[in-house]
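Colleague: Structure of the sequence below:
(2 chains)
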Amino acid sequence: RKEVEQDPGPFNVPEGATVAFNCTYSNSASQSFFWYRQDCRKEPKLLMSVYSSGNEDGRFTAQLNRASQYISLLIRDSKLSDSATYLCVVNLDRGSTLGRLYFGRGTQLTVWP
Amino acid sequence: EAGVAQSPRYKIIEKRQSVAFWCNPISGHATLYWYQQILGQGPKLLIQFQNNGVVDDSQLPKDRFSAERLKGVDSTLKIQPAKLEDSAVYLCASHFKGQTIPDTQYFGPGTRLTVL
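Modeller: Model prediction:
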């Protein structure tokens, strides 16, 4: 079983739409959680951390459910520039160093005009 | 602040040839990672260094891949001999616990390797 499972999509939505991505992780000892964004032929870039209380950054809202080992990302009022692959990432912290990051395969989003 | 630097950006080689990639992490970042990202998949960790020591190389194919970080700063990843299935993007990332907000890894632009 993979450490992080994501629906690969693709998701094709019109501008202004709301879209939600989900992922699940297998290791209950996971300590920290992130969403990264990866544009075509570019490196992954951190989009936002995910906290148990839920967190929001502008049009983006992330949620974490530790009991269900489930992470979500909601994008409201989609823009053309949101077109990218969204990677769900979990980490097993190792104290003084950052543990291995486990990446999902990514969910591809295309926003059309 | 300068980001993670990698070179070359692209490399095309024939199978059974050797290739080396170079990475310079963000200044002061003690932890350095090499990832392999095959098309359509998420990055997969190959090796993790803490300063000049290896923390995790459990997924590094040691029969053909090697990596070093002799002075605890920049690092090289080598493949010898290359196989067709090594075609991928090789990403370097770095981290210094507690120094960045959020506390996570930051990636270089990657080296796109094509093995013919």
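Colleague: Quickly find the element holding the residue lying closest to residue A:25 once chain neighbours are set aside.
Modeller: By the measure of Cβ to Cβ, 6 or more residues apart in numbering or on different chains, the closest residue to residue A:25 outside its immediate chain neighbours is residue A:90, 4.6 Å from it. Just so you know, the C-beta spots here come from the backbone N, C-alpha and C atoms, and that holds for glycine as well. Here residue A:90, judged by DSSP states H and E, is contained in strand A:84-91.
Colleague: Not counting its own residues, what contacts that strand?
Modeller: A:3-4, A:6, A:21, A:23, A:25, A:27, A:30-40, A:44, A:47, A:71, A:73, A:98-104, A:106-109, B:42-43, B:104 (Cβ atoms under 8 Å, 6 or more residues apart in numbering or on different chains).
Colleague: Using ChimeraX, define a selection of the buried residues within these.
Modeller: In ChimeraX, a selection of the buried entries from these looks like this (16 or more other Cβ atoms under 10 Å in any protein chain shown):
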select /A:3,4,6,21,23,25,30,32,33,34,35,36,37,38,44,47,71,73,98,99,100,101,102,103,104,106,107,108,109 /B:42,43,104
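Colleague: List the ones among the contacts of strand A:84-91 that fall in strands.
Modeller: With strands defined by DSSP state E, the entries of those inside them are A:4, A:6, A:21, A:23, A:25, A:32-38, A:47, A:71, A:73, A:101-103, A:107-109.
Colleague: Thanks again, I'm all set now.
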